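S.K.: Curious how this folds, go ahead:
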Amino acid sequence: MSSVKKILEKKYSFKEYLELEANAEFKNEFWDGEIVPIAIGMAGGTPNHSKISNSIGTAIDIELDRKNKDCTVYNSDQKVYLPKFNRAVYPDCSVLCGDEEFHEDSKVVLTNPCLIIEVLSESTKDYDVSGKFEGYRSIPSFKEYVLVWQTIPKVQTWYKEAENLWRISSAFGLDKAIQLYSIDCKIALADIYKRVKSLEDIDNPKAY
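M.R.: Numbers count the residues shown, from 1 in each chain. Okay, here's the model as predicted:
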């Protein structure tokens with residue numbers, strides 16, 4: 001039996017997970033006692049995914065600096081804790097404004113991001129759209145969720161206007177921009193997709 005399979009079958013405490021993760025050769029998420037290797041059906045895994053994740057984080061960082069905002073952008077190496085579900089996950093990109101707050105058992109697991117971004121992959125898009133969004137909503141500081149398509153220039157956001165009330169916005173096309181209300185920034189889709197060389201026709205339903 002492989003070591004990965006053993007990890008999947010055993011139940012762990014959050015502290016045990018953190019100890020294992022500190023010395024792991026690959027990233028793992030924590031799902032309420034289960035350690036789930038991201039390599040098993042959870043990774044974006046394409047050059048476009050990597051390019052887009054990096055570009056949107058950079059574009060947000062530049063805009064935050066331009067507006068002199070006290071916010072920090074994190075890449076996909078940053079763990080975030082979902083309190084209601086007792087999970088630790090790796091968003092593709094996240095933003096925190098103000099001081100960092102961490103899980104009581106760790107100084108590396110964030111608990112107070114305000115904005116989380118996921119770049120959709122064919123294997124994970126259903127989970128990103130529904131399951132992850134539900135988990136992220138359990139974070140008290142969480143105000144905005146952004147989904148970015150890989151193969152077409154499309155970005156969709158959910159912004160929390162009030163408890164259980166979310167505003168949905170979408171932007172289509174490289175000539176458009178998306179407003180991020182939680183950090184008061186507008187990001188051009190041309191900046192998000194500037195490293196992607198082969199985008200599909202936005203009118204092609206198969207691209208969704």
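S.K.: From now on I want contacts and neighbour counts done on CA atoms only, so please keep to that.
M.R.: Will do.
S.K.: Residue 179 and residue 185 touch, don't they?
M.R.: Yes: using Cα atoms under 8 Å, residue 179 is in contact with residue 185, at 6.0 Å.
S.K.: what's the burial count for residue 32?
M.R.: Residues within reach of residue 32, counting by other Cα atoms under 10 Å, total 17.
S.K.: just residue 74 next, same as before
M.R.: Neighbour count for residue 74, taken as other Cα under 10 Å: 19.
S.K.: got a list of what the nearest residue to it once chain neighbours are set aside touches?
M.R.: Distances taken as Cα to Cα, 6 or more residues apart in numbering place residue 94 nearest to residue 74, at 5.2 Å, with adjacent residues excluded. Going by Cα atoms under 8 Å, 6 or more residues apart in numbering, residue 94 touches 73, 74, 75, 113, 114, 115, 116, 117.
S.K.: again, only using 6 Å
M.R.: Contact analysis of residue 94 by Cα atoms under 6 Å, 6 or more residues apart in numbering lists 73, 74, 115, 116, 117.
S.K.: As a check, name the ranges of all helices in this structure.
M.R.: Assigned helices in the chain, in chain order: 3-9, 14-22, 47-66, 125-126, 133-136, 189-192 (criterion: DSSP state H).
S.K.: which sections of the protein are below the confidence cut-off?
M.R.: 1-9, 39-45, 123-128, 130, 201-208 (pLDDT under 70).
S.K.: Can you give the domain ranges for the protein?
M.R.: With domains defined by automatic domain parsing, the chain comprises 3-37, 47-207.
S.K.: what residue is smack in the middle of this protein?
M.R.: What sits nearest the mean C-alpha location of the chain, by Cα atoms, centre = their mean, is residue 91, with 2.8 Å.
S.K.: so what's that residue closest to, chain neighbours aside?
M.R.: Nearest one to residue 91, counting by Cα to Cα, 6+ apart, is residue 76 at 5.5 Å.
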